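[1] I would like the atomic coordinates for the input below:
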Amino acid sequence: MKVVIVGGVAGGATAAARIRRLDEQAEIVVFERSGYISYANCGLPYYIGGVITDPDELTLQTPQSFFSRFHIEMKVHHEVTAVHPDRKTVSVKNTESGEEFEENYDKLILSPGAKPSKPRLPGVGIDRLFTLRTVEDTFRIKQYIDKNHPKSAVLAGGGFIGLELTENLRELGMDVTIVQRPKQLMRPFDSDMAAMIHGEMRKHGVRLMMGCTVEGFLKKDEGVEVLLKDEPPLYADMVVMAIGVTPDTCLAREAGLELGIKGSIVVNDRMETSVSDIYAVGDAVQVKHYVTGEETLISLAGPANKQGRIAADNICGGDSHYLGSQGSSVIKVFDITAATTGINEANARKSGVDADKVILSPMSHAGYYPGGRLMTMKIVFEKNTYRLLGAQIIGYEGVDKRIDVLSAAIHAGMSAIQLKDLDLAYAPPYSSAKDPVNMAGFMVENIAAGILKQFHVEDIAGLPRDGSITMLDVRTEWEYRHGHIEGFVNIPVDELRERLNEIEKEKPAYVICQSGLRSYIACRILNGYGIEAYNFSGGFRFYEAAAQDRSLTESSAACGMDR
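    Modelled structure (predicted):
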């Protein structure tokens, strides 16, 4: 059996190694148009910033090491220019020598990945305008920075690569501005959670221009002028386009394979395309979302590796199936960690799911052990069924641990209530006896039992100010004096029982504290005296972050910049 693989990196290289482990006699040829067959995409921004100092560390395998271990031909600088399913061959061009030839196959795996999205704008392609996707892109940016010592950069786009590169450019001392049309960074997060990411970026001197449209680029002096719709142009020493990626599926289209979203390759759960004996994996393929069942595109290394293994299994006579992508991810944003899995609240509603959520701010480990830090968790679940849909966490240490637990819970089909039953490891330096994941389960259980009623950030503006409800802030007087929501009166929770005469029993009470815990206790006290009470989800800390971000984002869209 002869297997030809188009593209290395996560999907293609994984498939090649797996086929060899399953079939020692198979002939395996990998064509990779770049000079690198297996490299750490996610490490590229950190090499630019000097966190990773040795460029060889970015290369996970070389053609020589791959051949030594697996006896697999890794032909770099070889671009597959056409696929011929009728005669089961591919056309190949050696980009160094110019030689062209055809290679036959019994089985073909397409792993072309995705390419940076490049809108058709005036000035695209000028000097000092970069994209970041490959090792070659990384070296090009690094060489430019080392040679020219730029002092400013504009990044068009605020996704994973954009944020990681922003941090590294700031660490090099550069002024960085992010410009993008959407009014929030990191779309996997809901806007209320993204507010904390925005705050961290601003805290470290990053300028955010959200809600602004880039209309083109001009080469000016020794830098680039970024042209904006209805705004003055921005000038920077360099610009990086980081507005996302597009499936690289020209080969598949010309070969007649069925295509899906944004021209992606349609595959079944065995990673088989619409054409016999051709498989496809990685960023170029359309997949089902594990939570919603909808067709989607998810460009992450984990799914690509799994898909490469599944295609290899099936080529070698197995019966492996890809169950779908869940979108689990984690990112370092300066001093904080932001992680997500499943779907967020906004996407749940777009999918027609009646979603609810709990927001909590637990400590990363036991409060009495030094060094604990707050994290903010948002757990999204389906109303009535309590099916666990997704989670978002922003904090410091311990974020990655919790998101992985929640990811596993979603994959296992657990309900949000069942989170309370998970038996999780505890020692004071690492967690609490009631782990934050357990705490989320307790909160959802209280909602299901009618013990907890909530209101949220989006409800604040609509609360009646006509005296028909009681709006209560149960933090200390000191906390209240240093910031509160207009209309909320202050009665500290520890004084509440003694001051019940100040509260009208026939009116519902809407209660807030700093994180949501004291207000929940206050709600239980009020309930005990026959007063209907609603707890503010996330607390004043959460509200303040969202409100401040909303104000800054609106002002940046209006005047062109915030800091």
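[2] The residue lying closest to Ala301 once chain neighbours are set aside: neighbouring residues, count only.
    Spatial nearest neighbour of Ala301, excluding adjacent residues (CB to CB, 6 or more residues apart in numbering): Ala10 at 4.9 Å. All C-beta atoms are positioned from the backbone trio N, CA, C, and that covers glycine. Ala10 is flanked by 27 other residues according to other CB atoms under 10 Å.
[3] what sits up against the host helix or strand of Ala10?
    Following DSSP states H and E, one finds Ala10 within helix 9-22. By CB atoms under 8 Å, 6 or more residues apart in numbering, the list of residues contacting helix 9-22 from outside reads 3, 5-6, 8, 26, 28, 30, 32, 36-39, 41, 60-61, 66, 70-72, 74, 109, 111, 113, 281-283, 301, 304-305, 307-309, 311-313, 315-316, 318.
[4] Which elements pack onto the lengthiest helix in the chain?
    Of all the elements of type helix in the chain, the one with the most residues (DSSP state H) is helix 539-559. Under the contact definition 3 or more CB pairs under 8 Å, 6 or more residues apart in numbering; DSSP states H and E, helix 539-559 sits against helix 191-203, strand 207-210, strand 509-512.
[5] Show the subsequent helix or strand relative to the last one.
    Yep, that's strand 509-512 we're talking about. Next element after strand 509-512 (DSSP H and E): helix 517-528.
[6] Flag every buried residue along that following helix.
    Leu517, Arg518, Ser519, Tyr520, Ile521, Ala522, Cys523, Ile525, Leu526, Asn527 (16 or more other CB atoms under 10 Å).
[7] Just checking, which helix or strand succeeds that helix along the chain?
    strand 533-536.
[8] any idea of the mean pLDDT for that following strand?
    What strand 533-536 shows for mean pLDDT is 98.
[9] Can you give the strand pairings for it, parallel or anti for each?
    In the sheet, strand 533-536 lines up against strand 454-455 (parallel), strand 509-512 (parallel) (DSSP bridges).
[10] List the contacts of that strand.
    452-456, 508-513, 516, 519-520, 522-524, 526-527, 543.
[11] Off-centre distance for it?
    31 Å (CA atoms, centre = their mean, to the nearest Å).
[12] from the strands paired with strand 533-536, which stretch is densest packed?
    Per-stretch averages of neighbours, counted by mean count of other CB atoms under 10 Å, single out strand 509-512 among the strands paired with strand 533-536, with a mean of 26.
[13] and the contacts of helix 9-22, which of them are in strands?
    Val3, Ile5, Val6, Ile28, Val30, Glu32, Ser38, Tyr39, Leu60, Gln61, Met74, Ile109 (DSSP state E).
[14] Quick check: closest non-adjacent residue to the fifth one.
    Counting by CB to CB, 6+ apart, the nearest residue to Val30 once its immediate chain neighbours are dropped is Ile5, at 4.5 Å.
[15] Specify the beta-bridge partners of the one you found.
    Val30, Ile109.
[16] List the contacts of it.
    Contacts of Ile5 by CB under 8 Å, 6+ apart are Gly12, Ala15, Ala16, Ile28, Val29, Val30, Phe31, Leu108, Ile109, Ser111.
[17] make it 10 Å
    Each residue near Ile5 by CB atoms under 10 Å, 6 or more residues apart in numbering is listed here: 11-16, 19, 28-32, 37, 72, 74, 80, 105, 107-111, 279, 281, 308, 311-312.
[18] ok, now Ile336?
    196-197, 199-201, 203, 373, 375-376, 394-396, 399.
[19] what does Gly538 give?
    Per CB under 10 Å, 6+ apart, neighbours of Gly538: 192-193, 357-361, 376-378, 454, 456-457, 512, 514-516, 545-546.
[20] Quick check: the gap between it and Ala545.
    9 Å (CB to CB, to the nearest Å).
[21] okay, and the common contacts of the two?
    In contact with both Gly538 and Ala545: Asp192, Met193, Thr376, Val457, using CB under 10 Å, 6+ apart.
[22] Can you tell me which of the residues you listed has the most neighbours?
    Asp192 (28 neighbours).
[23] Give me the pLDDT value at it.
    Asp192 is given a pLDDT of 95.
[24] Need the nearest residue in space to it, chain neighbours excluded.
    Nearest non-adjacent residue to Asp192 (CB to CB, 6+ apart): Ala546, at 4.7 Å.
[25] Can you dump the C-alpha atoms of stretch 231-246 in CSV for me?
    The C-alpha trace of stretch 231-246 is given here as CSV (Å, rounded to 0.1, in the frame of the first residue of the first chain):
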residue,chain,number,x,y,z
GLU,A,231,-11.4,57.6,11.2
PRO,A,232,-8.0,59.3,10.7
PRO,A,233,-5.3,56.8,9.5
LEU,A,234,-3.0,55.1,11.9
TYR,A,235,0.8,55.2,11.4
ALA,A,236,3.1,52.3,12.5
ASP,A,237,6.5,51.0,11.8
MET,A,238,5.0,47.6,11.0
VAL,A,239,1.6,45.9,10.5
VAL,A,240,0.6,42.3,11.1
MET,A,241,-2.6,40.9,9.5
ALA,A,242,-4.2,38.5,12.0
ILE,A,243,-7.8,38.6,11.1
GLY,A,244,-8.2,34.8,11.0
VAL,A,245,-7.6,31.9,8.6
THR,A,246,-9.3,30.4,5.6
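[26] Show me which residues of it are buried.
    Buried residues in stretch 231-246 (16+ other CB under 10 Å): 231, 234, 236-246.
[27] and the residues you listed, which of them are in strands?
    Glu231, Leu234, Ala236, Met238, Val239, Val240, Met241, Val245, Thr246.
[28] ok so, going back, of the buried residues of helix 517-528, which is the nearest to Lys151?
    Leu517 (45.9 Å; CB to CB).
[29] Need the per-residue pLDDT for that closest one.
    For Leu517, the model assigns a pLDDT of 94.
[30] For His365, see how far away it is.
    17 Å.
[31] With Gly199 instead?
    In terms of CB to CB, Gly199 sits 23 Å off from His365.
[32] Surely Thr470 and Ile512 touch.
    No: assessed by CB atoms under 10 Å, Thr470 is found out of contact with Ile512, at 11.6 Å.
[33] Overlap of the contact sets of these two?
    Common neighbours of Thr470 and Ile512 (CB under 10 Å, 6+ apart) are Phe488.
[34] How many neighbouring residues does the nearest residue to Ile72 once chain neighbours are set aside have?
    Once flanking residues are discounted, Ile72 sits nearest to Ile28: 4.6 Å by CB to CB, 6+ apart. Using other CB under 10 Å, Ile28 has 24 neighbouring residues.
[35] Kindly report the same for the one 5 residues further on.
    Applying other CB under 10 Å, we find 19 other residues in the vicinity of Arg33.
[36] contacting residues for the spatially closest residue to it that is not a sequence neighbour?
    Nearest in space to Arg33, with sequence neighbours left out and distances taken as CB to CB, 6+ apart, is Glu79 at 3.9 Å. Applying CB under 10 Å, 6+ apart, we find Glu79 in contact with Val6, Phe31, Glu32, Arg33, Ser34, Ser91, Val92, Lys93, Asn94, Thr95, Glu100, Leu251.
[37] hmm, back to that, hang on, isn't the residue nearest to Asp192 packed against Phe189?
    No: between Ala546 and Phe189 there is no contact under CB under 10 Å: 12.0 Å.
[38] ok now the longest helix of the chain, how far from the chain's centre?
    With CA atoms, centre = their mean, you get 21 Å for helix 539-559.
[39] So that it lines up with my notes, have the first residue be 18 from now on.
    Sure, I'll start numbering at 18, so the last one becomes helix 556-576.
[40] Give me the angle between that helix and strand 248-253.
    Relative orientation of helix 556-576 versus strand 248-253 (axes from the mean of the first three to the mean of the last three CA atoms, to 10 degrees): 100 degrees.
[41] now the angle from helix 556-576 to helix 534-545?
    Computed by the same axes, to 10 degrees, the angle between helix 556-576 and helix 534-545 is 120 degrees.
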